[in-house]
Each structure stands twice: as structure tokens, then as C-alpha cells.
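> Predicted model, plus sequence, below.
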Amino acid sequence: GAGVSQSPSNKVTEKGKDVELRCDPISGHTALYWYRQSLGQGLEFLIYFQGNSAPDKSGLPSDRFSAERTGGSVSTLTIQRTQQEDSAVYLCASSPTSGGQNIQYFGAGTRLSVL
Amino acid sequence: KNEVEQSPQNLTAQEGEFITINCSYSVGISALHWLQQHPGGGIVSLFMLSSGKKKHGRLIATINIQEKHSSLHITASHPRDSAVYICAVRRGSQGNLIFGKGTKLSVKP
């Protein structure tokens, strides 16, 4: 597709369940980012991937959060044993590289609600 | 103290007014971004700056690296400009962005 695609757009789950959120970046973009926007809060960085380098996981809030990027393209963010405080909009972005002069293109996000 | 501070937090303007949103940061950066987030949630990148000034239509963004400050200006504001405007900086060689809390702009007809 032309833009960054995220699925599902909405996800409602019960506390304690695992969830997987998917991101399809723009074709050819080597850098991929996951961010989170909690209700009433600003955006916060979670993790980013650049090519074949080890991902920067410094923003992941706990070891319940993990992410993979297969084949340098699609990425999956997994949240295990979800908690109510995990409820947020999870945004994915991609850019041609991770260099400082590249614009990041954002997906529409996945709204996660943990009941 | 947040590394990226925006002001004002909320702004209401009448259609046609000139609008300024400010962003100050406390870290060394390689680039500063202005983003727009509409009520539906989609985020659009408006500008990326590392120096000087950029203009796109009615939008102007400036940055002063020495003062660690950037401004986003909207000329002849219109109700469709109503959105949250977010300032974000990229530190050095790191890829991820650090975000301000956003400025919610409402332009009344």
C-alpha cells in the first residue's frame, strides 16, 4: 500500500490475555518505530528497528512487551498478560532510514482497550 | 521537567487569526518535527527542521538552535486547522522521537 498500515484498528481484550498488533511499513522503508499514546497523555516511544541492526528496546515499559520485525518489513508488537494500564493507541511509523533528516510516516494506529 | 515543552497547552482562535505555537527543548537534537493529529487520531508530519525556516501554504515553522526553541505559525487560520499540534525532537543519532504533550488548537468560525 501507499502508507503505513496497522491492524486491527481496534482491539478489545480482557485483562490477562495476550494481544498482537501488526504494522506494515511503507515498502522500502528500513526504519520502523512503535509508539504509544495513552488517554490524555503524549506520545511515548516504545521500540524501533533499523535494518538488520539490533532493535532499540529502551522504551518498552515492561517485559510483557516485545516486538519482532520479520524480513525487514512487517512488525508485530506483542503484549502478554495485558493490564488495564496498557489501554492506549499504539502507533507505528516508518522512515527510509533512521537518520536524523528523515520524516516518519505514521499509521492510523490500533486502539487497544483492556477490560 | 519534560525534555520537550510546548505552549500553550490549549488555544482557541477566531477564523482568520494568526496563530503561534511554541516548542522548547532541553537536549541536543539532530532534527525537530512538527506533527498534526486530527480528532480521528491520524498523525501527519508537517515539517522537519534542523535550522532556519520552512513554509508550506499557510504554515510556517522556524527553529533557533542556539536558543533550543521552535515555533509553528498558522496564518489566516481556518476551522479545518483545528487539531492537536505536536512538537517532537530526534536526539543526535538516535532514531526515535521525543514528543511534547501537544497543543490543542480550536479555530472558531
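On my side now, so go ahead. Numbering: from 1, shown residues only, chains lettered A, B, ... in the order given.
> in which helix or strand would I find the most centrally placed residue in chain A?
Residue closest to the average C-alpha location in chain A (Cα atoms, centre = their mean): A:Trp34, at 3.1 Å. Taking DSSP states H and E as the definition, A:Trp34 sits inside strand A:31-37.
> any bit of that strand sitting next to chain B?
Yes. For strand A:31-37, a contact with chain B is found by Cβ under 8 Å from any Cβ of the partner chain, at A:31, A:33, A:35. In short, each C-beta sits where N, CA and C put it, glycine included.
> who are the neighbours in contact with the first one?
The contact partners of A:Ala31, by Cβ atoms under 8 Å, 6 or more residues apart in numbering or on different chains, come to A:48-51, A:94-98, A:102, A:104, B:95.
> Pick out the most distant pair among these.
Greatest spatial distance in these: A:Gly51 and A:Gln104, 15.6 Å, computed using Cβ to Cβ.
> In terms of neighbours, single out the busier of the two.
A:Gln104 (28 against 11; other Cβ atoms under 10 Å in any protein chain shown).
> any weak-confidence spans in chain A?
Where chain A drops to pLDDT under 70, the residues are A:1, A:98-101.
> let's see 50
Within chain A, no range satisfies pLDDT under 50.
> Get me the contact residues on it for chain B.
A:31, A:33, A:35, A:41-45, A:48, A:50, A:56, A:59, A:89, A:91, A:93, A:95, A:98-106, A:108-109, A:111.
> Buried ones among these?
Among those, those classed as buried by 16 or more other Cβ atoms under 10 Å in any protein chain shown are A:31, A:33, A:35, A:42-45, A:48, A:50, A:56, A:59, A:89, A:91, A:93, A:95, A:98, A:100, A:102, A:104-106, A:108-109, A:111.
> what sits against A:Gln83?
A:15, A:64, A:114.
> what's the pLDDT at B:Thr20?
Looking at B:Thr20, its pLDDT reads 98.
> Same check on B:His38?
Reported pLDDT for B:His38: 85.
> Can you verify my assumption that it contacts B:Ala83?
Yes. If you go by Cβ atoms under 8 Å, B:His38 and B:Ala83 touch, sitting 4.9 Å apart.
> quick one, which of these two is more surrounded?
B:Ala83 (22 against 12).
> For B:Ser70, the count of nearby residues, please.
26.
> and it, bridged to which residues?
B:Cys23, B:Ile63 (DSSP bridges).
> isn't it right up against B:Thr62?
Yes. With contact defined as Cβ under 8 Å, B:Ser70 counts as touching B:Thr62 (6.4 Å).
> got any residues that touch both of these two?
Shared contacts of B:Ser70 and B:Thr62, defined by Cβ under 8 Å, 6+ apart, are found at B:Leu49.
> what does chain B have sitting close to chain A?
So chain B meets chain A at B:30-31, B:33, B:35, B:41-45, B:48, B:50, B:86, B:88, B:90, B:92-102 (Cβ under 8 Å from any Cβ).
> circling back to that earlier point, looking at the buried ones among the residues of chain A next to chain B, which are in strands?
A:31, A:33, A:35, A:43-45, A:48, A:50, A:89, A:91, A:93, A:95, A:105-106, A:111 (DSSP state E).
> Quick check: the two most widely separated of the residues you listed?
Top of the distance list for those (Cβ to Cβ): A:Gln50 and A:Arg111, 26.9 Å.
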